[in-house]
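# sequence and predicted structure are below.
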Amino acid sequence: MRMLSVVVLLLLGVPGVAAASPPDSDVVVHDLDTSGVADYWTPERVAAMPTGPSAPPGTPPVDDPTGAPAENRAVGRLFFVDRDGEDSSCTATLVVSANRRTAVTGGHCVHTANLAGFDPKWHSKMLFVPGFRDGARPFGQYVVRRAIVNRTWIADDQRSEFDQAFVVLDRPSNVSVNIAFDRPGDRFAREYGYPRAAHQPGHQGRPEFTGQRLAQCWGKAVRNPGSPDFPEENMWGVPCDMGGGASGGPRISGDAVVGVNIQSFNQDADGRWCPIGECVRHLGGARFTGKVTRPLYQRAQFS
């Protein structure tokens, strides 16, 4: 399949940016403690983070639309300490913004409740490293100073459509990708991430699937109808083998980020839901909309 290039903008300014919108009551802004964050994420600490299983000896590597190496300077690994005090990581993407310090990721990458759905907490010590590769930080590192989510996500982290967030970095970047709202979901898309695990033996244990290098999946996005017990309305994704750590990574269609990875789902050729382990595994998330996503983005880019 022909590889689509991602439009990367070297920003000298952001012409045509609308004036800052008035405060939105659905937007929650959280300022993080930035002291000591850069020193906390040592190479040794990053290397010690757990990863998934390796493939049996002699298993040939597989590069296909469900998982392959990638390069994109705007996409990076997002490190944080989770609600339980454990080191963890997601993926985030620098997007075109007025302040040139805005990145988009998943809501559960910045704020989560416990497994029972109670005691929600913000994550801490957040550090964004664009282009992270084999432990190296070739384009620098950015301390996250602010996280922005929808109020519904704070109240109920089972509401998948609200599992999206923006983070504001400590200084500007000159690399970013466009962002778009309300685009059709059923378009060719490319998903990026820093997964720390994979399901297929041909992917397992490789740098692209242990968080050390950027991975990608691609194909025509399909709608996730959800399970019979938990129907979904606006979730889209492509067949993909990327596991944990790819959360928050961008779904790019055409020249813009149109959603982020937040959950896997299994679906047959007719678009019907299947139990885990059956049919084709997809990775997807909510389609960005003007109603849910734009207010978060506006608050972030003018922070």
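Okay, I see it.

# separation between residue 94 and residue 303?
Residue 94 sits 14 Å away from residue 303, going by CB to CB, to the nearest Å. Using the backbone N, CA and C atoms, a C-beta is placed for each residue, glycine as well.

# do the same with residue 297
Separation of residue 297 from residue 303 (CB to CB): 11 Å.

# and the two? Which one has more around it.
The neighbour count for residue 297 versus residue 303, taken as other CB atoms under 10 Å, is higher for residue 297 (23 against 19).

# can you pull the contacts of the more buried one?
95, 97, 102, 104, 166, 179 (CB atoms under 8 Å, 6 or more residues apart in numbering).

# of these, buried ones?
95, 97, 102, 104, 166, 179 (16 or more other CB atoms under 10 Å).

# compile the residues you listed into a markdown table and extend it with columns for distance to residue 272 and pLDDT.
Shown next, in a markdown table, are those (distance: CB to CB, whole Å; pLDDT from 0 to 100):
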| residue | distance to residue 272 | pLDDT |
| --- | --- | --- |
| 95 | 34 | 98 |
| 97 | 39 | 98 |
| 102 | 38 | 98 |
| 104 | 30 | 98 |
| 166 | 34 | 98 |
| 179 | 32 | 98 |
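
# among these, which are in helices?
Among the buried ones among the contacts of residue 297, no member falls in helices (DSSP state H).

# can you list the weak-confidence ranges in the stretch 1-150 of the chain?
Along the stretch 1-150 of the chain, segments meeting pLDDT under 70 span 1-23.

# can you pull out the strands in it?
9-10, 27-31, 68-69, 75-81, 87-94, 102-105, 111-112, 121-122, 124-130, 142-150 (DSSP state E, counting those that start in this stretch).

# residue 209: which of those is closest?
strand 68-69 (10.0 Å; CB to CB).

# now for that closest one, which elements pack on it?
strand 215-220 (3 or more CB pairs under 8 Å, 6 or more residues apart in numbering; DSSP states H and E).

# following the chain past the strand it packs on, name the next helix or strand.
Next helix or strand after strand 215-220 toward the C-terminus (DSSP states H and E): strand 222-226.

# show me which positions of that next one end up buried.
For strand 222-226, by 16+ other CB under 10 Å, it's 222, 223, 224.

# can I get those in JSON lines with pLDDT and distance to residue 82?
As requested, these are exported to JSON lines (pLDDT from 0 to 100; distance: CB to CB, whole Å):
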{"residue": "222", "pLDDT": "94", "distance to residue 82": "30"}
{"residue": "223", "pLDDT": "92", "distance to residue 82": "30"}
{"residue": "224", "pLDDT": "89", "distance to residue 82": "25"}
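
# format these as JSON lines; extra columns: distance to residue 76.
Output for the buried residues of strand 222-226, formatted as JSON lines (distance: CB to CB, whole Å):
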{"residue": "222", "distance to residue 76": "27"}
{"residue": "223", "distance to residue 76": "28"}
{"residue": "224", "distance to residue 76": "26"}
